[in-house]
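Peer 1: model the structure of this input:
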Amino acid sequence: MKRFIGPLCLLVLILGCAAPSPTPTPTPTPELFFLSEEVRLYLIQIRPYASSQAIVLALDMSAASLREVLIRIEAIVPPADLEEAHVKLVRGYQFLLEGRAILETHPRPELRSEGFFLQDWGLK
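Peer 2: Next up is the predicted model:
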């Protein structure tokens, strides 16, 4: 019995180091030239406000700057199939603006926590 323990441990060790089975290849996202002209134009217009870098930078903006960004976003007319996503983006920036306005004007911790909550909710 003891002579089988050594080879069994070696076998378990070797099997544990084996390469994992390959995962299915993800479907690539469509390139911009496969999209309609209307969608392509919308994506180009909204890129400065919808990229992950822009959203992170929005956390450090003042309420006045966020108000200007929100006005610019609301001025962009989305294509019919992207209206829902555009509404979510506008609503997210509205939450960021409301949260920043609270943080800039209220010194009380209870209200500041509400401001932080609104900013976090705007990021979702």
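Peer 1: from here on, contacts and neighbour counts on C-alpha atoms
Peer 2: Noted.
Peer 1: so what's residue 75 up against?
Peer 2: Under the criterion of C-alpha atoms under 8 Å, 6 or more residues apart in numbering, the contact list for residue 75 is empty.
Peer 1: try it again with 10 Å
Peer 2: Remark: with contacts taken as C-alpha atoms under 10 Å, 6 or more residues apart in numbering, residue 75 is in contact with residue 69.
Peer 1: same thing with the one 5 residues further on?
Peer 2: Residues near residue 80 by C-alpha under 10 Å, 6+ apart: 38, 39.
Peer 1: ok, it to residue 39 distance?
Peer 2: For residue 80, the distance to residue 39 (C-alpha to C-alpha, to the nearest Å) stands at 9 Å.
Peer 1: got the buried residues for stretch 62-70?
Peer 2: Along stretch 62-70, the positions that meet the burial threshold by neighbour count (16 or more other C-alpha atoms under 10 Å) are 63, 66, 67, 69, 70.
Peer 1: report the rounded mean pLDDT for stretch 106-117.
Peer 2: When pLDDT is averaged over stretch 106-117, the result is 74.
Peer 1: so how far is that stretch from its chain's centroid?
Peer 2: 24 Å (C-alpha atoms, centre = their mean, to the nearest Å).
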